[in-house]
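> Quick one, fold the following:
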Amino acid sequence: MTVRTAERAPATPAAPEPEGLPLTAAQAGMWFAQALDPDSPAQNTAECIEIHGPVDPALFARALRRTADEAEALCVRLGG
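Numbering: from 1, shown residues only. This is a model prediction of the structure:
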């Protein structure tokens, strides 16, 4: 007698295959939360920094470009 079992779809989406180190439990939780509800703003983060004092605009612009180049997942909105 052969017993057949039905294949089931996974209850949650599969995490991406790691290219380097495996995700921590916190990182995996964030990934799954976003994957389960991609339209939710709950995983969005923002930061506002006020700079008091003189700023060299050219040096600041270079620093921002370097930061964006080195952190491809970083999305920055600057306002005045």
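> can you give me the helices in the chain?
25-36, 57-70 (DSSP state H).
> Report all helices and strands that the last one contacts.
Read that as helix 57-70. Judged by 3 or more C-beta pairs under 8 Å, 6 or more residues apart in numbering; DSSP states H and E, helix 57-70 is in contact with no other helix or strand. C-beta: built from backbone N, CA, C; applies to glycine.
> Could you export the helices of the chain to a markdown table, including columns for mean neighbour count and mean pLDDT?
Formatted as a markdown table, the helices of the chain follow (neighbours: other C-beta atoms under 10 Å; pLDDT from 0 to 100):
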| stretch | mean neighbour count | mean pLDDT |
| --- | --- | --- |
| helix 25-36 | 12 | 88 |
| helix 57-70 | 10 | 90 |
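> any chance of the ones you listed in CSV, with distance to Cys48 too?
As requested, the helices of the chain are exported to CSV (distance: least, C-beta to C-beta, whole Å):
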stretch, distance to Cys48
helix 25-36, 21
helix 57-70, 15
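> For Glu50, which of the ones you listed is the nearest?
helix 57-70 (13.7 Å; C-beta to C-beta).
> Setting aside sequence neighbours, what's the nearest residue to Ala33?
Residue nearest to Ala33 in three dimensions, not counting chain neighbours: Gln43, with 6.2 Å by C-beta to C-beta, 6 or more residues apart in numbering.
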